[in-house]
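Enquirer: fold the following for me, if possible:
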Amino acid sequence: MHYGLATVDLTPPQPVLLAGYAARTAPSEGSYAPLLGRVLLLADESTRFVWVTADLIGFDAALSQRLRARLATLCATSPAAVWLSVSHTHCGPSIRQVDGLRTTDPADQARIEYAAEWVYQRLVAAAAAAAADLRPGSLAVGQGHSDIAISRRRLVDGVAAMLPNPLGRHDPTVDVLLVRDESARPVAAVVGYACHPTTMGGQLLGPDYIGGLRDEVAAACQGLPVLFVNGCGGDLKTRSLNAAGTWSGGPLSEVQRLGRELGRAVVGVLHRPLRPVGGPLRVARRELALPLQPARELAWYRGFLADPDPWRRWWAEQVLAQAAAGTLATAIPAVVQRLAVGRELVVLAMSGEVCSPIGLRVRRELQTPDRPLFVAAYTDLAPGYLAARDQFGESGYEVDRWFWYHGLPAPLDPSAEDRLVAACRGLAEGA
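Expert: So this is what the prediction gives:
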């Protein structure tokens, strides 16, 4: 096997709109740490696989398709063998088309277009560098444990409020895929963990807790670069709490502390014997259409046109415009992808903000003692939240609030979990 690796700074050099918090509308005011993009190219005699990791909130379909096509050409592979994984930091630039729909300010539109083009050009440069520097190497895998994540769904009068719930479900697994050179020296680690990077707010660009994770691993492992991949953490946040027991929202020292704690878990994995994996690379991709619940009568949406919340007014306007044009969505696109390395490793990557019970179910049903499962989400597309079936009875943001910000007429149908898990099973069993 051969590998190529490259890193670029994705931090825009001029002010941009920040992604992730609807109430934050002013441009960025600098950065507290660099936003990084990294490209890992793996190649054997018949297959080339490209894994991009980026400190971004997510890619939309248009940017994803454009970028995957360009990277496939640069790396001599197919677009289906190019994965775009984001950390989902909420301190990154707005680059998605839906972000542009939420503003009528031409200056804001220009900032979004600028940021999207900046990200595109930087990642293209990284892919070209990785493809130009292929070297012999090998892979090894391991898993660790971290509890920096806790559930953000606490039942209040039977309804899930976005409050800390230390007793709720989360996935503590830390997935590690180590890349070694021909002398078995570590050259990069792909790290997967399920947790929202929303510990930091404000107007500064940065990677949230992932920065502390990278710093800790680099300090303990001779500068080893980390490619961070977020897992099924749509309903999880870091356990950064204030004296009142609610979310603290920083400061940066707390964000770094939590990231370094996760980093120590990664270092613990790297300092133990890892399982070598080898054999042919096999990549597969399955595209899904996850159905939405039925739309309401149009009069119901018109009732929100005078809502005091500007985002709800925007949402109602979007839905009514789609209805008038005959383009009202009935489903959202989703993608499930698989990388198999011989018979010893399967990586499953899902699009969207997949909630933790789904990731836990995928591990429970598909992981075996002799073949570890690396589970990722936030890859390729960002269609919205994919809540678990049993969360629908509890309501909450991940079930019936998020779709406002995507201009969709209704939440997902509860069957989404089973459809997603079935796709994962089909790909894993075909590996």
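Enquirer: every contact and neighbour count from this point should use C-alpha atoms.
Expert: Fine.
Enquirer: got any ranges where this protein has weak pLDDT?
Expert: Low-confidence segments of the chain, defined by pLDDT under 70: 97, 100-103, 431.
Enquirer: spatially central residue for it, please.
Expert: Tyr378 (2.7 Å; CA atoms, centre = their mean).
Enquirer: need the contact list for that residue.
Expert: Listed by CA atoms under 8 Å, 6 or more residues apart in numbering, the contact set of Tyr378 reads 58, 85-88, 229-231, 349-354.
Enquirer: hmm, try it at 6 Å
Expert: Residues near Tyr378 by CA atoms under 6 Å, 6 or more residues apart in numbering: 85-86, 351-352.
Enquirer: give me the distance between it and Glu113.
Expert: 21 Å (CA to CA, to the nearest Å).
Enquirer: likewise Ala388?
Expert: In terms of CA to CA, Ala388 sits 34 Å off from Glu113.
Enquirer: neighbour count: those two, which is higher?
Expert: Under the neighbour definition other CA atoms under 10 Å, Ala388 and Glu113 were set side by side, and Ala388 has more, 22 against 17.
Enquirer: elements contacting the longest helix along the chain?
Expert: Looking across the chain with DSSP state H, the single longest helix is helix 106-131. Here helix 106-131 touches strand 2-9, going by 3 or more CA pairs under 6 Å, 6 or more residues apart in numbering; DSSP states H and E.
Enquirer: how far off centre is the next helix or strand after the strand it packs on?
Expert: For strand 2-9, the succeeding helix or strand toward the C-terminus, using DSSP states H and E, is strand 18-19. Centre-to-centre, strand 18-19 and its host chain are 15 Å apart (CA atoms, centre = their mean, to the nearest Å).
Enquirer: go on, stretch 13-29?
Expert: Worked out by CA atoms, centre = their mean, stretch 13-29 lies 19 Å from the chain centre.
Enquirer: and that stretch, how far apart are its ends?
Expert: 11 Å.
Enquirer: quick check: domain ranges of this protein?
Expert: According to automatic domain parsing, the chain comprises the domains 2-131, 137-280+347-403+411-429.
Enquirer: can you put those domains in CSV and add distance to Leu290?
Expert: Supplementary listing: those in CSV, determined by distance: least, CA to CA, whole Å:
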stretch, distance to Leu290
domain 2-131, 15
domain 137-280+347-403+411-429, 6
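Enquirer: tell me the buried residues in stretch 336-351?
Expert: Across stretch 336-351, burial judged by 16 or more other CA atoms under 10 Å covers 336-341, 344-351.
Enquirer: repeat for stretch 383-400
Expert: Going by 16+ other CA under 10 Å, stretch 383-400 has these buried residues: 383-389, 391-392, 394-400.
Enquirer: now the helices: where do they sit in the stretch 51-200 of the chain?
Expert: With helices called from DSSP state H, counting those that start in this stretch, the stretch 51-200 of the chain shows them at 61-74, 97-101, 106-131.
Enquirer: format the ones you listed as a markdown table; extra columns: distance to Leu42.
Expert: Formatted as a markdown table, those follow (distance: least, CA to CA, whole Å):
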| stretch | distance to Leu42 |
| --- | --- |
| helix 61-74 | 13 |
| helix 97-101 | 31 |
| helix 106-131 | 9 |
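Enquirer: for those helices, which one sits closest to Trp247?
Expert: Comparison of the helices of the stretch 51-200 of the chain against Trp247 by CA to CA identifies helix 97-101 as nearest, at 25.3 Å.
Enquirer: look up how far Ala316 lies from the residue located most distally from the centre of the chain.
Expert: The outermost residue of the chain relative to its centre, with distances by CA atoms, centre = their mean, is Ala299 at 35.7 Å. Separation of Ala299 from Ala316 (CA to CA): 10 Å.
Enquirer: and for Gln293?
Expert: Distance of Gln293 to Ala316, given as CA to CA: 16 Å.
Enquirer: same question, Ala306
Expert: 10 Å.
Enquirer: in the helix or strand harbouring Gly359, what counts as buried?
Expert: Element membership for Gly359, per DSSP H and E: helix 356-366. By neighbour count on 16+ other CA under 10 Å, the buried set for helix 356-366 is 356-360, 362-363, 366.
Enquirer: got it, and stretch 197-210?
Expert: 197-201, 203-210.
Enquirer: of all those residues, which two lie farthest apart?
Expert: Comparing all pairs in the buried residues of stretch 197-210 by CA to CA, the longest separation belongs to Gln203 and Ile210, at 17.6 Å.
Enquirer: all strands of the stretch 101-250 of the chain, in order?
Expert: Secondary structure of the stretch 101-250 of the chain (DSSP state E, counting those that start in this stretch): strands at 135-145, 149-151, 154-156, 159-161, 173-181, 186-193, 226-230, 236-238.
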